[in-house]
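In: below are the sequence and a predicted model; questions follow.
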Amino acid sequence: MDQLRCRARDLGVVVGPLPSGRQNAITDVPGILVGHTTIHDGADLHTGVTAVVPSQLGPGRWTLPAAVYAGNGHGKLVGSTQVDDAIACLVLHYLEDWTAPLAELRRVLVPGGRLIVAVNHPFVYHLIRPEGDYFATEQWTDEYTFNGQPAVLTYWHRPLHAIANEFTAAGFRVAVVSEPPPAPGAREAFPDLVTSPSGYILCFLFFVLEAA
């Protein structure tokens, strides 16, 4: 059974203070032409293009000043505008080089914007790999079982001072460093892991960074 397609405004979501046009569409603007095409190969290819043509174009004038915006696969124009907060949760410790990712995160943040980061606690490497060099940036692996299937994860260890240096070199100020406790009930759920009287375990290290 077909269902009526609702617009956001029909659900009470109103963007901006101005009223919508008759069709609540870009084509409500006089002289605007819109065309689009969609490509779907029946398998993995889903793409398309939309062209918005203003009325100023026509015989004798086929160019206009314009800008280019690159959107990601979700249609979000991150990079064309800046945001207040960004999160990098348990991703950086899989990367050998943090330069490009941190530069891109800094680029999309407003001045004073925050980057919230969670990484493996660097001292965990020293506990798991005592033969390793804590003060070096080193690659290491660990074995896990996910849904009954064995898997090997590859990490890059950095000492604490190297982590801080990466952040400051990318244009961030370290505002907060946190070693939060596990959630309530963790001691009962994971008695082999949560053994300290305080209830804390060495696991992850959290940072709140401010864009300088």
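Out: Thanks, I have it. Quick caveat, the model's predicted, so the values are computed rather than measured.

In: so where's the chain uncertain?
Out: Low-confidence regions of the chain, defined by pLDDT under 70, span residues 1-4, 55-58, 61-81.

In: now the strands for the protein?
Out: Per DSSP state E, the chain has strands spanning 33-40, 46-53, 83-89, 109-120, 138-146, 149-157, 172-178, 204-211. These are given in chain order.

In: give the partner strands of the fifth one in its sheet and their orientations.
Out: Going back to what we said before, that points to strand 138-146. Partner strands and pairing direction for strand 138-146 (DSSP bridges) are strand 149-157 (antiparallel).

In: picking that back up, any idea which of the strands of the chain gets closest to residue 163?
Out: strand 109-120 (6.9 Å; CB to CB). Yep, even glycine has a C-beta here, placed from its N, CA and C like the rest.

In: residues touching residue 137, list them.
Out: 96, 156, 157, 158, 159, 162 (CB atoms under 8 Å, 6 or more residues apart in numbering).

In: for it, phi and psi?
Out: Note on residue 137: backbone dihedrals following degrees, to the nearest 10 are phi -90, psi 110.

In: quick one: it from residue 159, how far?
Out: 8 Å (CB to CB, to the nearest Å).

In: with residue 116 instead?
Out: Residue 116 is 21 Å from residue 159, where distance means CB to CB.

In: any chance of the contacts of residue 137 in JSON lines, plus neighbour count?
Out: Supplementary listing: the contacts of residue 137 in JSON lines, determined by neighbours: other CB atoms under 10 Å:
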{"residue": "96", "neighbour count": "9"}
{"residue": "156", "neighbour count": "18"}
{"residue": "157", "neighbour count": "23"}
{"residue": "158", "neighbour count": "24"}
{"residue": "159", "neighbour count": "18"}
{"residue": "162", "neighbour count": "14"}
